[in-house]
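Colleague: Sequence first, predicted model second:
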Amino acid sequence: MNHPKISKQSGSVLAISLVLLAAITLIAVMNMQRSGIQTRITSNILHREELFNNAMNEQESWFFLLKTADTGDELLSDPMRSFNFDANGARIYLPVPLNKNNASGYTEVTNQLLLLNPPTGSNALAEGQESGDRILFRYELQSQAGIANRIQGRSMTETQITGMSFPGLNTGKNSLYAPP
């Protein structure tokens, strides 16, 4: 049996297979990186949706508490007493932080209530004025949900704002706060 003699192997098959293996590995790494980015995008959407739902739940909860509160309740009267004076002596009302209702583990929701542009009363018992008329007090309820224990640059927040009004007695009449 005569076998042809093989002279020398040049290693071209080995070189070609290594190039193909490197190309396949590079394609796989690029796809893994793309998959990682898609996972991050999906988780950010999920977190933002959860924060939105938490803020909306807090809004509904506080709205129900405020809706069922008496007119003299601290929930409604605290924003009336929370103000500073500007240079002209006009009141600038400040938001009042509300207690936290949420018991979620990794999200944190802060709520505040602000009195918006309260109507100015007029002196009672003047001509054409009643002594106990009712006026509308307008409030703004703000809920802000965020992920707890995150640094500011990497955190995300969702804010919900609801406006509401409640009738109440005109406290500007027969009081020190009534305009002259």
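Modeller: Arrived safely.
Colleague: could you point out the longest helix in this structure?
Modeller: helix 12-67 (DSSP state H).
Colleague: Which strands and helices lie in contact with that helix?
Modeller: Counting contacts by 3 or more C-beta pairs under 8 Å, 6 or more residues apart in numbering; DSSP states H and E, helix 12-67 packs against helix 74-81, strand 107-116, strand 134-147, strand 157-169. For every residue, glycine as well, the C-beta is placed using N, CA and C.
Colleague: List the buried residues in the second one.
Modeller: Going back to what we said before, that points to strand 107-116. For strand 107-116, burial by neighbour count (16 or more other C-beta atoms under 10 Å) applies to 107, 108, 109, 110, 111, 112, 113, 114, 115.
Colleague: what's the answer for the shortest one, then?
Modeller: Applying a neighbour-count criterion of 16+ other C-beta under 10 Å, one finds 75, 76, 77, 79, 80 buried in helix 74-81.
Colleague: now, the most widely separated pair of those?
Modeller: Spatial extent of the buried residues of helix 74-81 (C-beta to C-beta) is set by the pair 75 and 80 at 11.0 Å.
Colleague: Any idea which of the helices and strands packed on helix 12-67 gets closest to residue 25?
Modeller: For residue 25, the closest of the helices and strands packed on helix 12-67 is strand 134-147, at 36.2 Å, according to C-beta to C-beta.
Colleague: Name the spans of this protein whose pLDDT lies under the cut-off.
Modeller: 1, 6-10, 71-72, 100-105, 119-133, 151-154, 170-180 (pLDDT under 70).
Colleague: So residue 69: helix, strand or coil?
Modeller: coil (DSSP: H, G, I helix; E, B strand; the rest coil).
Colleague: please begin residue numbering at 450 from this point
Modeller: Let's use 450 as the start, then, which means that last one is residue 518.
Colleague: Relative to residue 453, how far out is the closest residue to it other than its chain neighbours?
Modeller: Excluding its sequence neighbours, the residue lying closest to residue 518 (C-beta to C-beta, 6 or more residues apart in numbering) is residue 524, at 4.9 Å. For residue 524, the distance to residue 453 (C-beta to C-beta, to the nearest Å) stands at 99 Å.
Colleague: With residue 544 instead?
Modeller: As defined by C-beta to C-beta, residue 544 lies at a distance of 93 Å from residue 453.
Colleague: and those two? which has more neighbours close in?
Modeller: residue 544 (15 against 5; other C-beta atoms under 10 Å).
Colleague: Excluding sequence neighbours, find me the nearest residue to the more buried one.
Modeller: If you skip the residues right next to it in sequence, residue 544 has residue 561 as its closest partner in space, 3.9 Å away by C-beta to C-beta, 6+ apart.
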